[in-house]
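Colleague: Any chance you could fold what I've pasted below:
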Amino acid sequence: MQLVLRHYTFLIMNDTFQFSDTEKNELLKIIETPLSGLKGSLDQVVESVIQQTKSFMQIANQHGTSCYVYDHAGVKENIKLFKSEFLSKIKNIHPYYAVKSNPYIELLKDIVSEDIGLDVSSQYELGLALEAKAKKIIYTGPGKSKEDLELILQHSNIITLMIDSFQELVVLKEVLISNPHIMLRAGVRIYTEIHKEWKKFGIPLSRLGEFWEISRSISNLHLCGIQSHRSNSTIDLYEEIIESLGNYLEQNFSEIQKKQIQFIDFGGGLHPQNVDGYYDTAFSQIEILNSLYNELEYPQYIPKEYFLMETTSLKEYAERINRAIATHILSQLSCDIYCEPGRILSNPSLHILLKVMDKKDDDIYILDGGNNIIGWDKYSSEYVPIINLTHPGTKEIRGQFVGSLCTPDDIWGYFCYAENIEIGDILVIPNQGAYTYTLRQSFIRGLPNVHHFECK
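Modeller: Below is the predicted model of the structure:
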């Protein structure tokens with residue numbers, strides 16, 4: 001990093017870009033700030049993967065690469081871990097898995113078999129939920145059509161609708177009037193100032209009372225819940241949103257209205273712990289450097305180090321959310337608690353197997369699968385461990401591990417756990433179940449198959 005900063009300082013100070021003195025001082029202040037983040041390794045992930053080498057290699061030998069590997073036992077173990085924390089600490093909690101994070105049908109069936117409901121946001125996802133034989137479904141998402149609502153009514157015995165807006169309530173009223181024999185159970189989505197860019201979901205908390213009263217005029221609509229939706233990278237946001245909702249209910253809802261509330265839903269967005277990280281290119285110091293390089297038509301900066309994602313443990317998530325709910329919600333009303341875990345359940349469900357096809361310039365390794373497998377150039381900036389199963393090692397070798405698509409943005413990463421790396425080696429990228437398979441696309445290459453194994 002020091003060599004980079006010296007070059008950086010040279011570029012700024014030698015008038016190459018004709019910065020003013022003020023601009024130079026500001027830029028130097030930024031670049032001289034040390035990079036800071038959670039350092040460490042994901043050795044425990046690597047060790048668990050290497051223990052499964054035989055199963056991975058069997059799939060590679062029988063079916064070839066590239067491919068997804070579905071980890072049935074890993075899914076079951078992860079659900080068990082989730083339940084042991086959340087169901088034991090939060091009274092009357094009912095999780096609904098967010099199908100959008102990974103809609104692979106075998107995963108949905110495994111989740112449903114563990115008595116977890118499904119959270120869907122489209123007719124397509126509802127079809128998958130029904131195929132998985134889900135008995136508990138919540139239907140979320142903005143911009144629902146009349147056709148969406150009519151389909152929901154056909155399955156009103158297992159669906160709870162999360163109403164997203166006043167306009168949706170108008171359309172829903174028309175649909176319900178046409179179907180007076182059907183009683184629909186529903187909740188309403190709200191947002192607070194804390195939601196910021198997530199305000200596309202729901203109504204303002206300040207208008208919850210108004211919405212609640214309008215809904216009571218629809219005889220076959222049973223509005224009985226409130227949901228908040230945003231992906232919260234820190235536990236603090238859950239606590240703040242729950243507190244805001246609790247304060248609103250205390251100040252604005254009568255005791256009769258509070259008794260009408262059967263569930264409070266604190267949403268999803270729980271992040272798995274110790275599975276990924278981010279490269280030094282995420283820092284403003286390196287972003288500025290790359291901008292300067294780009295102006296000079298220099299090669300782009302290659303990441304030199306990475307930092308681990310700082311996330312909350314399942315135990316802390318459960319304890320602190322429970323404390324917030326007990327303090328701000330259950331202190332004034334009695335209800336069930338809903339949530340929509342997505343990536344925290346799906347992340348370990350899939351792994352990706354790849355093969356080294358070519359080697360260039362001593363440190364560029366061409367793999368046989370492109371990032372169309374995960375849908376986008378995620379790993380040009382985010383770190384996940386790449387593990388060589390043919391020549392496993394406890395230390396990482398630096399290099400550029402790129403895919404086989406005709407685009408320079410097809411990058412898998414810059415480090416690989418290996419003793420050495422040769423053409424023909426089988427590599428695995430673990431824990432690729434969340435927001436990868438669901439975003440996959442047939443760009444240049446078709447999509448690989450999913451093969452299964454069960455860990456011993």
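Colleague: max-length strand in the chain?
Modeller: Using DSSP state E to define each element, the chain has its longest strand at strand 350-360.
Colleague: for it, which positions count as buried?
Modeller: Neighbour counts using 16 or more other CB atoms under 10 Å place 350, 351, 352, 353, 354, 355, 356, 357 of strand 350-360 among the buried residues. Quick note: C-beta positions are derived from backbone N, CA and C, even for glycine.
Colleague: Check the closest residue in space to residue 169 that isn't next to it in sequence and give its pLDDT.
Modeller: Leaving aside its sequence neighbours, residue 169 sits nearest to residue 163 (CB to CB, 6 or more residues apart in numbering; 5.7 Å). Looking at residue 163, its pLDDT stands at 98.
Colleague: got it, and the one 5 residues further on?
Modeller: pLDDT for residue 168: 98.
Colleague: Now the residue lying closest to it once chain neighbours are set aside: phi and psi?
Modeller: Of all residues not flanking residue 168 in the chain, residue 144 sits nearest, at 5.8 Å (CB to CB, 6+ apart). With angles defined as degrees, to the nearest 10, residue 144 shows backbone torsions of phi -70, psi 140.
Colleague: Could you give the number of residues near residue 144?
Modeller: Under the neighbour criterion other CB atoms under 10 Å, residue 144 is assigned a count of 24.
Colleague: which residues touch it?
Modeller: 164, 168, 171 (CB atoms under 8 Å, 6 or more residues apart in numbering).
Colleague: Closest one to residue 206 out of the residues you listed, please.
Modeller: Nearest to residue 206 among the contacts of residue 144, counting by CB to CB, is residue 164 at 16.4 Å.
Colleague: what about the closest one, how many residues close to it?
Modeller: For residue 164, using other CB under 10 Å, the count is 21.
Colleague: measure it to residue 246 for me?
Modeller: 22 Å (CB to CB, to the nearest Å).
Colleague: can you check residue 369 too?
Modeller: Distance of residue 369 to residue 246, given as CB to CB: 48 Å.
Colleague: who's more crowded, these two?
Modeller: residue 369 (26 against 20).
Colleague: Now do the contacts for the more buried one.
Modeller: Going by CB under 8 Å, 6+ apart, residue 369 touches 65, 66, 352, 354, 403, 404, 445, 448.
Colleague: In this model residue 372 seems to touch the last one, though I could be wrong.
Modeller: No: the pair residue 448 / residue 372 is not scored as a contact, 9.5 Å apart, by CB atoms under 8 Å.
Colleague: Does the residue nearest to residue 345 when sequence neighbours are not counted lie in a helix or a strand, and which?
Modeller: Leaving aside its chain neighbours, residue 345 sits nearest to residue 97 (5.6 Å; criterion: CB to CB, 6+ apart). Secondary structure assigned from DSSP states H and E places residue 97 in strand 93-98.
Colleague: Show me what that strand pairs with in its sheet, parallel or antiparallel.
Modeller: Within its sheet, strand 93-98 is paired with strand 117-120 (parallel), strand 336-340 (parallel), according to DSSP bridges.
Colleague: who touches whichever helix or strand comes after that strand?
Modeller: Downstream of strand 93-98, the first helix or strand assigned by DSSP H and E is helix 105-113. By CB under 8 Å, 6+ apart, the residues outside helix 105-113 that reach it are 70, 72, 75-76, 79, 97, 99, 118, 128-129, 131-135, 345-346, 349, 433, 450, 452.
Colleague: Those residues in strands, which ones?
Modeller: With DSSP E as the criterion, strands contain 70, 97, 118, 450, 452 from among the contacts of helix 105-113.
Colleague: from what I can see the last one touches residue 75, true?
Modeller: No: in this structure, residue 452 is not within contact of residue 75 by CB under 8 Å, at 10.7 Å.
Colleague: Apart from its chain neighbours, what residue comes closest to residue 405?
Modeller: Here the residue nearest residue 405, using CB to CB, 6+ apart, is residue 370, at 3.5 Å.
Colleague: Enumerate every residue touching the one you found.
Modeller: 403, 404, 405, 410, 443, 444, 445.
Colleague: try 10 Å this time
Modeller: Residue 370 makes contact with 66, 354, 402-407, 409-412, 443-445, according to CB atoms under 10 Å, 6 or more residues apart in numbering.
Colleague: Kindly report the same for residue 82.
Modeller: Going by CB under 10 Å, 6+ apart, the list of residues near residue 82 reads 95, 97, 114, 116, 270, 314, 317, 318, 341, 344, 345.
Colleague: Need the pLDDT of it.
Modeller: According to the prediction, residue 82 has pLDDT 96.
Colleague: So for whichever strand or helix holds it, what gets flagged as buried?
Modeller: Using DSSP H and E, the element containing residue 82 is helix 72-89. Residues 72, 74, 75, 76, 78, 79, 82, 85, 86, 89 are the ones in helix 72-89 that count as buried (16+ other CB under 10 Å).
Colleague: Closest one to residue 194 out of these, please.
Modeller: Taking CB to CB as the measure, residue 194 lies nearest residue 86 of these, at 22.0 Å.
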